[in-house]
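Asks: Could you work out the structure for the sequence below:
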Amino acid sequence: MPASSIDHAFTARTNTGRSSDPTYAGALSFMRRKYSKNVAGADAVVWGIPFDAAVTNRPGARFGPQAIRRASAIFDCDPQYPFNRDLFEDLSVVDYGDCLLDSGNHQKTPGTIEREAAKILKSGAFLLTLGGDHYVTWPVLKAHAAIHGPMALVQFDAHQDTWPDDGKRIDHGSFVGRAVRDGIIDPDRSIQIGIRTHAPEDFGIKILYGHEVEEMRAADIAYAIAERTGGKKTYVTFDIDCLDPAYAPGTGTPVAGGPSSAKILSVLRQMTQIDIVGADIVEVAPAYDHADITAIAGSTVAMHYLGLLAERKARDNG
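Replies: A predicted model of the protein is given here:
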């Protein structure tokens, strides 16, 4: 079907309804959603955090939000697979743009992120965050916990991110342990999927290691997640290095032996019974990518979050 719109991110009159921009042209918001700082009435807000000063290996995830938005242009005006629906027929979604950070004063970064996240969440909207390195999840988790209390954490990752932490570190490898110690997440209801490294502590969080994920069906993984979270308010964080480097080379700390994008997307599709209150996709570093395959995987993860939200709203509206 010929394109009938251009620059939908600026010209859209409402926050619902699909665009029909050409995939190769037009302003690049996430899935062509309207750019707006007005989130009143929005069901979901997409927000970028271009920060990567906490990495321990290759930098570049600060360009992740740009890459994910650009890759999301491939989601044209057709019904979105595998949800078989226009996600935006009834789901009101805006692209809030990015968080403004002082690149010369990283100690201010967590407070800045947390305050802006809290401002968005105050509207009642679901917050979908595009990172950035995995440290950005820490202040975003705090903003969610201020509303929901200790949450279940579902973490797709090759790393546990539970390394020693003094409570002040700007480090993408220690925020999960800090979140447990500070009562932000409930370790007895939390689970990590795809882990392929060992940290000194697991803090009681259930782990599905990479070799276990390899032997499991997607349905079994989704069941394990539902059983572990047990109906608790849940935050889902997805480090793109959960995927094998064959499917996501564009990241800072790739680890061989991971699952395919097909398997993990199938897991996400089956997480319909999880009470997800917030989510992110992090660690996409396009400088190491090839033909945008990592960015496409990251944008597809983000699209699945919105697909689950659209389905939930449809169920709730009966």
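Asks: shaky segments in this protein?
Replies: 1-3 (pLDDT under 70).
Asks: where does the residue most central in space within it land in three-state SS?
Replies: Central residue of the chain (CA atoms, centre = their mean): Asp280, 1.9 Å from the mean position. Put simply, Asp280 is strand when judged by DSSP: H, G, I helix; E, B strand; the rest coil.
Asks: Look up how far Trp138 lies from it.
Replies: From Asp280 over to Trp138 the distance is 11 Å, taken as CB to CB, to the nearest Å. All C-beta spots, glycine's among them, are computed from the backbone N, C-alpha and C.
Asks: Also Phe203?
Replies: 15 Å.
Asks: When those two are compared, which one has more neighbours?
Replies: Between Phe203 and Trp138, counted using other CB atoms under 10 Å, the more crowded position is Trp138 (26 against 16).
Asks: Which strand or helix spans the more buried one?
Replies: Using DSSP states H and E, Trp138 sits within helix 137-148.
Asks: gap between whichever helix or strand comes after that helix and the chain center?
Replies: Where DSSP H and E defines the elements, the next helix or strand beyond helix 137-148 is strand 152-156. The chain centre lies 11 Å from the centre of strand 152-156; the measure is CA atoms, centre = their mean, to the nearest Å.
Asks: Same question for stretch 176-184.
Replies: Remark: stretch 176-184 is offset 19 Å from the chain centroid, using CA atoms, centre = their mean.
Asks: And that stretch, what's buried?
Replies: Val176, Gly177, Arg178, Ala179, Val180, Ile184 (16 or more other CB atoms under 10 Å).
Asks: And for stretch 6-16?
Replies: Judged by neighbour count (16+ other CB under 10 Å), stretch 6-16 contains these buried residues: His8, Ala9, Ala12, Asn15, Thr16.
Asks: So which residues of the protein form strands?
Replies: Secondary structure of the chain (DSSP state E): strands at 34-35, 44-49, 93-98, 126-131, 152-156, 191-195, 206-209, 234-239, 276-282.
Asks: right, and these - which one's nearest Pro59?
Replies: Smallest distance to Pro59 across these (CB to CB): 12.7 Å, for strand 126-131.
Asks: Could you list which residues are in contact with Trp31?
Replies: Careful, residue 31 is Met and not Trp. Residues near Met31 by CB atoms under 8 Å, 6 or more residues apart in numbering: Val46, Ser72, Phe75, Leu87, Phe88, Val93, Ser299, Met303, Leu306.
Asks: Equivalent analysis for Thr162, please.
Replies: Ser174, Val176, Gly177, Val180, Ala199, Pro200, Glu201, Asp202, Phe203, Ile205 are the contacts of Thr162 under CB under 8 Å, 6+ apart.
Asks: do Pro254 as well
Replies: Contacts of Pro254 (CB under 8 Å, 6+ apart): Ala158, Asp241, Pro245, Ala248.
Asks: Look up how far Arg58 lies from it.
Replies: Counting by CB to CB - Pro254 and Arg58 are separated by 9 Å.
Asks: Need the residues touching each of those two.
Replies: The overlap between the contact sets of Pro254 and Arg58 (CB under 8 Å, 6+ apart) is empty.
Asks: Run through the neighbouring helices and strands of the longest helix along the chain.
Replies: In the chain, taking DSSP state H as the definition, the longest helix is helix 293-317. Applying 3 or more CB pairs under 8 Å, 6 or more residues apart in numbering; DSSP states H and E, one finds that helix 293-317 contacts strand 44-49, helix 64-71, strand 126-131, helix 261-269, strand 276-282.
Asks: So which bits of it are buried?
Replies: For helix 293-317, by 16+ other CB under 10 Å, it's 293-313.
Asks: Might one say that Cys242 is in contact with Asp157?
Replies: Yes. Cys242 is within contact range of Asp157, at 5.2 Å (criterion: CB atoms under 8 Å).
Asks: Between these two, tell me which one has more neighbours.
Replies: Higher neighbour count among Cys242 and Asp157: Cys242, with 30 against 24, using other CB under 10 Å.
Asks: Could you measure from the more buried one over to Asn84?
Replies: 26 Å.
Asks: and if you look at Met31?
Replies: Met31 sits 16 Å away from Asn84, going by CB to CB.
Asks: Was I right to think Ile281 contacts Asp241?
Replies: No. Using CB under 8 Å, Ile281 makes no contact with Asp241, being 11.4 Å away.
Asks: OK, contacts around the nearest residue to Ser260 once chain neighbours are set aside?
Replies: Leaving aside its sequence neighbours, Ser260 sits nearest to Tyr247 (CB to CB, 6 or more residues apart in numbering; 5.7 Å). The contact partners of Tyr247, taken as CB under 8 Å, 6+ apart, are Gly258, Ser260, Ser261, Ile293, Thr294, Ala297.
Asks: could you redo the last one with a cut-off of 7 Å?
Replies: Ser260, Ser261, Ile293, Ala297 (CB atoms under 7 Å, 6 or more residues apart in numbering).
Asks: Many thanks, have a good one.
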